[in-house]
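**Student:** predicted model, plus sequence, below.
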There are 2 protein chains.
Amino acid sequence: MSEPSEFSEVPHTSIADIDVGHVEALRRAIRKGDSGAIRVLLTDEHPAEMADRFEQLSNDDQAALVELTPDVISPLMLAELEDEVVEDILPLLGRKQISKAMEELDSDDAIQIFEELPKERRAQVLADLPEQDRKEIEDGFAFDEETAGRLMQREFVAAPAFWTVAQTIEHMRTQSTLGDDNLPDKFFDIYVIDAHFHPLGYLPLSTLMRSQPDLVLEDIMDTNLTVIKPELDQEDVAYLFEKYNLISAPVVDADGRLSGMITVDDIVEIIQDEHTEDMLALAGVSEAGLVDTVGSTVKARAPWLLVNLFTAIVASFVISLFQSEIEKLVALAVLMPIVASMGGNTGTQALTVAIRAIATRDLTPANTARVIRREAFAALANGIIFAVILGLITYFWFRNIDLSLVIAAALVFNLLCAGLAGILVPLTLRKFGADPAVASSVFVTTVTDVVGFLVFLGLAAMFLL
Amino acid sequence: MSEPSEFSEVPHTSIADIDVGHVEALRRAIRKGDSGAIRVLLTDEHPAEMADRFEQLSNDDQAALVELTPDVISPLMLAELEDEVVEDILPLLGRKQISKAMEELDSDDAIQIFEELPKERRAQVLADLPEQDRKEIEDGFAFDEETAGRLMQREFVAAPAFWTVAQTIEHMRTQSTLGDDNLPDKFFDIYVIDAHFHPLGYLPLSTLMRSQPDLVLEDIMDTNLTVIKPELDQEDVAYLFEKYNLISAPVVDADGRLSGMITVDDIVEIIQDEHTEDMLALAGVSEAGLVDTVGSTVKARAPWLLVNLFTAIVASFVISLFQSEIEKLVALAVLMPIVASMGGNTGTQALTVAIRAIATRDLTPANTARVIRREAFAALANGIIFAVILGLITYFWFRNIDLSLVIAAALVFNLLCAGLAGILVPLTLRKFGADPAVASSVFVTTVTDVVGFLVFLGLAAMFLL
């Protein structure tokens, strides 16, 4: 038995930040082509740790490492790497190594690797796999990307409703002793099924564990089961896991037969991915946002900058309609960006709250009307507050009471439009089936810029000059 | 045994969107004061479902419902409600109901409810609790908010290293049969301990389940244990769960003794909360961002609007330095918002990518230099691309080649500054221990506005007039 003194050596006792020195040493070993040192630096670590270190390297260093020591990329490490990284290194790995990794991993992880394989190599790798593994990959691949069918693993534990607790435990022990253990690496619930393989309920292992051995599963199972269909979008799957605090959930085929299982550790990843997607979409960065090279960074960002250029020109065109007014009263040019900027900010605030509420499903058809009303009144209230402040500042700056009144009125109106645009734009996008986060900030700031300049300069043209 | 035909009645078979009609019926029942109807509408549902419906109601309706039928707020439903909602309804519930709920729930959920209690009622509720529950609450409350100590539950399963699989299972069965079952409601791992209650390793239930009964725990346990200290920030706890795909993790006290457990379902919530925090911080909405009333919405947003007003005035002041230039060439006023707007967009893109990379710990000291370089070159590349486009547009619009060259040069310079500000501002905030998401967008847009106006108008003053 381990001594208490060994306790302090238990790894990961605190937050494991990347060790800069370690990554630096790895980089030097790669540059020197010292495969021995690389092996030492990347051995005997948790695969997640190795994956993290590997991902700290530049693309070139990653490629050099794989060419020097392809064997350090273990199956479990491959499963921990980001998709983009896997895509980059798979072409550098041998056919044998890839098929061996896919064979060893649970089917959901194997499919994720298969997805990143160049198309022309897929048939080859499939041919190397044992019959059952090949079938599992092919079946999973038949479902669309980002659906429950792609996500699920085909390894799960099911037991007939008439089995006792003792029988069920005995069955698992026997399965494990047999060479061909088709149990999942980890599982948390047992699905109770009828003769047609339809799930009737589930039993958390912790319940099974503490139940008397002679109890029958159907008497102790929880029938409040969340069953997932394979075509369900992964975002919806994640929502069900969150809502019902699930640890695992069964996936059924079109006939309602149990065909797979999704576990919470995959869900945590999906939540992170979906969140990254939302944030990048709001900022106008396309999908491949967290990329490594300058070229791909430019490619991920230029498209929305182009859209922004176009909308900025529209706003400028609005200003150009009032050139003679600006020539007569140059204070208009000085002050106009304030009205636009405050509107942009108000719109972004409302928009972000709305996008978040849509993502967490707090904003639903049942409360939309109330939320729109709230946004309108809140924007109006802020509009009035800041109109007073800005009006006073303008007065003390330019000593022109009419100019103060014009900017105050323009601000109230623009903030109201901003608040409404912030909530209505994402709702409208959603209504038409589009992702409410994509493009919505461009729409909103276009509204606030155009309305801001138009109303401020328009009122000035009418009442000041 | 259930018939296969019953299968279709299994609840939650697909994505459970809020039923608008149902919420509407609830609203009508509340307005009519029909407690019977409320009870029917809120009975026999999953507590998460009931919580969701309740949260769709306005504050006033929620309060009215609680006053009419306080008993429908079950302990489990209370545990599913958002903190802000719990805070609002606790004052409406009786002393007995609150203490009963806290007694029934696992200690982590009980503490979350206790946190939302008005301070003056806390002692009273504590006094109502049985000795052990009271002690657990007091112990947990001694830790800071948003730490592992607050988060953990004190119910967990530990077994000495010398026990066999059969002994361990038998122990749990006996515990459950005893009236006072102090096992957690759900658990996924068993922590293997030495004589001093120090964790030596863990055993997933799925491993325990498939192991032969006579095996000794220490021979089959996994020693690669992630041990959490109670003072660890919840964001760091979530990071460890994600990185190592944990389902549960033990928390140890200062002496390394096992004192609690954190489970993945709480982590999913934390990840969501931290996302919300990051997004709202980036948009300049203060903590209480997803609130219900107009008053609190205004309060959550006005502070950053005030900061934005100040920075917008700074930008206006920059413009005011060039009033005579604008009077001479009013095209400057027309074009200047484009330079600022493109800069703001570039800055926001870089900033969002950086904030996200910091949150997911992809941006670390080991690759900071490379990422800064990448941002600078990407911004420069986009600057050159859009300078050419904007230069051409300007030429065809105003037929002034010098103006074209000035705006092109200003754009390149502003985009470079924007890209650098986008990455350097959050890194600097983090260096000084501040949340990199809070306030960073204000800093970045201030830079892009001021630099944009200053460089464009400054160059114009030097070379055009």
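**Tutor:** Nice, thanks for sending it over. Numbering: from 1, shown residues only, chains lettered A, B, ... in the order given.
**Student:** CA atoms only for stretch A:98-117, dumped as PDB, please.
**Tutor:** What follows is stretch A:98-117, C-alpha atoms only, in PDB (Å, rounded to 0.1, in the frame of the first residue of the first chain):
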ATOM      1  CA  ILE A  98      -3.900   5.600 -37.900                       C
ATOM      2  CA  SER A  99      -5.800   2.400 -38.200                       C
ATOM      3  CA  LYS A 100      -4.400   1.100 -35.000                       C
ATOM      4  CA  ALA A 101      -5.400   4.300 -33.200                       C
ATOM      5  CA  MET A 102      -8.900   4.100 -34.600                       C
ATOM      6  CA  GLU A 103      -9.200   0.500 -33.500                       C
ATOM      7  CA  GLU A 104      -8.100   1.200 -30.000                       C
ATOM      8  CA  LEU A 105     -10.300   4.200 -29.300                       C
ATOM      9  CA  ASP A 106     -14.000   4.200 -28.600                       C
ATOM     10  CA  SER A 107     -16.000   4.700 -31.800                       C
ATOM     11  CA  ASP A 108     -16.900   8.300 -31.200                       C
ATOM     12  CA  ASP A 109     -13.200   9.300 -30.900                       C
ATOM     13  CA  ALA A 110     -12.400   7.100 -33.900                       C
ATOM     14  CA  ILE A 111     -14.900   8.900 -36.000                       C
ATOM     15  CA  GLN A 112     -13.600  12.300 -35.100                       C
ATOM     16  CA  ILE A 113     -10.200  11.200 -36.300                       C
ATOM     17  CA  PHE A 114     -11.700   9.700 -39.500                       C
ATOM     18  CA  GLU A 115     -13.400  13.000 -40.200                       C
ATOM     19  CA  GLU A 116     -10.000  14.800 -40.400                       C
ATOM     20  CA  LEU A 117      -8.500  12.300 -42.800                       C
END
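**Student:** wait, does that stretch contact chain B?
**Tutor:** No - applying Cβ under 8 Å from any Cβ of the partner chain, one finds stretch A:98-117 separated from chain B by no less than 10.7 Å. Just so you know, the C-beta spots here come from the backbone N, C-alpha and C atoms, and that holds for glycine as well.
**Student:** residues of that stretch that come out buried?
**Tutor:** A:98-99, A:101-102, A:104-117 (16 or more other Cβ atoms under 10 Å in any protein chain shown).
**Student:** so how far is B:Val330 from A:Lys32?
**Tutor:** 63 Å (Cβ to Cβ, to the nearest Å).
**Student:** my error: substitute A:Gln234 in the last question.
**Tutor:** For A:Gln234, the distance to B:Val330 - Cβ to Cβ - is 53 Å.
**Student:** and for A:His275?
**Tutor:** Taking Cβ to Cβ, one finds A:His275 at 45 Å from B:Val330.
**Student:** can you check A:Glu55 too?
**Tutor:** Using Cβ to Cβ, A:Glu55 is found at 52 Å from B:Val330.
**Student:** tell me the buried residues in the helix or strand where A:Val450 lies?
**Tutor:** In this assignment (DSSP states H and E), A:Val450 forms part of helix A:440-463. For helix A:440-463, a neighbour-count test (16+ other Cβ under 10 Å) marks A:440-461 as buried.
**Student:** so is that helix next to chain B?
**Tutor:** Yes - contact of helix A:440-463 with chain B (Cβ under 8 Å from any Cβ) involves A:Thr445, A:Asp449, A:Phe453.
**Student:** for A:Gly33, what are its contacts?
**Tutor:** A:Leu68 (Cβ atoms under 8 Å, 6 or more residues apart in numbering or on different chains).
**Student:** tell me the pLDDT of it.
**Tutor:** Predicted confidence (pLDDT) for A:Gly33: 92.
**Student:** quick check: the gap between it and chain B.
**Tutor:** 21 Å (Cβ to the nearest Cβ, to the nearest Å).
**Student:** any idea of the mean pLDDT in stretch A:207-220?
**Tutor:** 94.
**Student:** could you tell me the end-to-end distance of it?
**Tutor:** With Cα to Cα, to the nearest Å applied, stretch A:207-220 spans 8 Å between its terminal residues.
**Student:** can you tell me if stretch A:161-172 touches chain B.
**Tutor:** Yes - residues of stretch A:161-172 contacting chain B under Cβ under 8 Å from any Cβ: A:Ala161, A:Phe162, A:Ile169, A:Met172.
**Student:** tell me the buried residues in that stretch?
**Tutor:** For stretch A:161-172, a neighbour-count test (16+ other Cβ under 10 Å) marks A:Ala161, A:Trp163, A:Thr164, A:Val165, A:Thr168, A:Ile169, A:His171, A:Met172 as buried.
**Student:** how about the contacts made by the fifth one?
**Tutor:** For A:Thr168, the set of contacting residues under the criterion of Cβ under 8 Å, 6+ apart consists of A:Ala159, A:Ile190, A:Leu208, A:Leu217.
**Student:** please apply the same query to the second one.
**Tutor:** Contact analysis of A:Trp163 by Cβ under 8 Å, 6+ apart lists A:His171, A:Val216, A:Leu217.
**Student:** what segments of chain A are strands?
**Tutor:** In chain A, the strands defined using DSSP state E lie at A:158-160, A:189-193, A:199-204, A:248-252, A:258-263.
**Student:** and stretch A:254-272, anywhere near chain B?
**Tutor:** Yes - using Cβ under 8 Å from any Cβ, stretch A:254-272 comes into contact with chain B via A:Gly256, A:Val264, A:Asp265, A:Ile267, A:Val268, A:Glu269, A:Ile271, A:Gln272.
**Student:** on that earlier part again, distance to A:Pro91 and pLDDT for the buried residues of stretch A:161-172 - can I get that in TSV?
**Tutor:** Listed next are the buried residues of stretch A:161-172 as TSV, based on distance: Cβ to Cβ, whole Å; pLDDT from 0 to 100:
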residue	distance to A:Pro91	pLDDT
A:Ala161	48	96
A:Trp163	48	96
A:Thr164	52	96
A:Val165	50	95
A:Thr168	45	94
A:Ile169	45	93
A:His171	43	91
A:Met172	40	89
